[in-house]
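[1] sequence-free structure coming up:
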Ligand code: UD1
């Protein structure tokens with residue numbers, strides 16, 4: 001019998017695990033060979049708005065085990081997850097550990113499983129930015145090297161894995177679980193009151209143009225010079241269209257440290273009248289999805305948002321030199337602008353002068369169809385001992 005431990009740790013993990021749990025439950029309700037599973041939250045993200053809110057909105061069951069590791073340096077955080085997760089594995093004796101994405105919790109739990117000879121399943125394997133200064137790239141390369149089953153979201157991942165010597169039989173092209181979650185919640189997100197609350201929707205239901213921004217990569221915000229340079233571009237863009245900026249805790253810490261507060265407006269009062277960068281707290285999934293779906297432009301350095309905007313048909317300008325998700329550029333709406341001020345301004349201006357696409361009016365990458373988790377669970381049942 002297969003006994004799975006499913007791992008989540010940080011915000012982008014939650015929307016990936018939710019459809020997998022749904023698909024396992026659906027399988028178990030009609031199968032004589034149910035998949036037994038436990039959900040472990042490492043506690044890498046712990047704020048109400050970075051964690052619990054997502055469990056509630058996405059209907060993820062309360063974790064069976066919460067390791068409560070919290071923040072720390074990369075070494076401290078990774079080490080703490082390793083120490084605590086090993087105890088769980090020794091006690092629970094899973095046959096398989098399933099990890100998603102590329103955060104510190106992903107590699108930490110995979111490493112524990114590998115030393116205990118527990119099979120490792122990696123969902124969202126094979127993505128490569130080829131930038132080893134990025135902590136997630138190290139997490140991806142190492143997790144894939146020790147995984148036994150690698151579920152991939154786009155075809156570039158297979159090429160990357162084969163080049164690194166991963167056997168073809170271990171690779172399964174099943175699609176994108178993050179998109180499963182997006183398609184499931186799109187209608188519900190339409191009912192979110194956030195646009196009205198922020199003063200972006202008038203009485204007739206029309207939406208004002210705005211740009212949605214997220215920025216939290218250490219390479220963009222931890223260095224003052226680089227952060228100021230990107231901010232210079234944002235200030236220019238905000239002269240044309242108001243920017244809404246849900247601020248990640250890491251970025252908020254840097255804004256304070258570098259004394260950049262004067263460049264931002266706190267809250268969204270006056271958004272219809274004065275173009276500026278409007279800071280708000282991190283948002284829940286449904287509110288964020290609603291804002292993304294109606295944005296004139298999304299500016300981001302996140303990985304997942306490049307994928308979500310592609311499916312929504314909303315133009316995305318990515319403030320990074322590279323992407324591990326090239327299909328969002330070739331088949332989607334993503335523009336890689338880099339981090340130079342002039343290039344960011346140019347990319348945004350080009351999008352703002354063109355019309356935007358809408359949901360359903362353009363093809364999406366193969367297998368980003370809302371059924372990725374079902375395909376993963378079908379494979380899991382085939383491999384079950
Ligand atoms: C992590 C992931 C990144 C992902 C991001 C999404 C790694 C290496 N990085 O980065 O891939 O895109 O999550 O959010 O795993 N903090 C809080 N409350 C929280 C969580 C964090 O205040 O609930 C603050 C702490 O000051 C912490 C800092 O944010 O030190 C950074 O958090 P951390 O989990 O180390 O990395 P992220 O930047 O969130």
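    Structure received. Note that the structure is a prediction, hence the values are computed from the model and not measured.
[2] in the stretch 151-300 of the chain, where is pLDDT below threshold?
    Low-confidence segments of the stretch 151-300 of the chain, defined by pLDDT under 70: none present.
[3] which single residue in it comes nearest to the ligand?
    Distances between the stretch 151-300 of the chain and the ligand by CB to the nearest ligand atom are smallest at residue 249, namely 3.3 Å. For glycine as for every other residue, the C-beta is placed from the backbone atoms N, C-alpha and C.
[4] quick check: closest non-adjacent residue to that residue.
    Distances taken as CB to CB, 6 or more residues apart in numbering place residue 47 nearest to residue 249, at 6.5 Å, with adjacent residues excluded.
[5] quick check: the one you found vs residue 254, distance?
    For residue 47, the distance to residue 254 equals 16 Å [CB to CB, to the nearest Å].
[6] who has more neighbours out of the two?
    More crowded of residue 47 and residue 254, by other CB atoms under 10 Å: residue 254, with 21 against 13.
[7] in terms of helices and strands, where is the more buried one?
    In this structure, residue 254 sits in helix 249-257 according to DSSP states H and E.
[8] what helices and strands are in contact with the helix or strand that that helix is followed by?
    With elements assigned by DSSP H and E, the helix or strand that comes after helix 249-257 is strand 265-266. In terms of contacts (3 or more CB pairs under 8 Å, 6 or more residues apart in numbering; DSSP states H and E), strand 265-266 is packed against strand 277-280.
[9] distance from the helix or strand following the strand it packs on to the middle of the chain?
    The first helix or strand that comes after strand 277-280 along the chain, using DSSP H and E, is helix 285-294. Remark: helix 285-294 is offset 14 Å from the chain centroid, using CA atoms, centre = their mean, to the nearest Å.
[10] strands along the stretch 251-385 of the chain, start to end?
    With DSSP state E, counting those that start in this stretch, the ranges of strands along the stretch 251-385 of the chain come out as 265-266, 277-280, 297-300, 316-318, 334-336.
[11] of these, flag the one that's most buried.
    Mean neighbour count (mean count of other CB atoms under 10 Å) peaks for strand 316-318 among the strands of the stretch 251-385 of the chain, with a mean of 28.
[12] return the distance of it from the chain's centre.
    15 Å.
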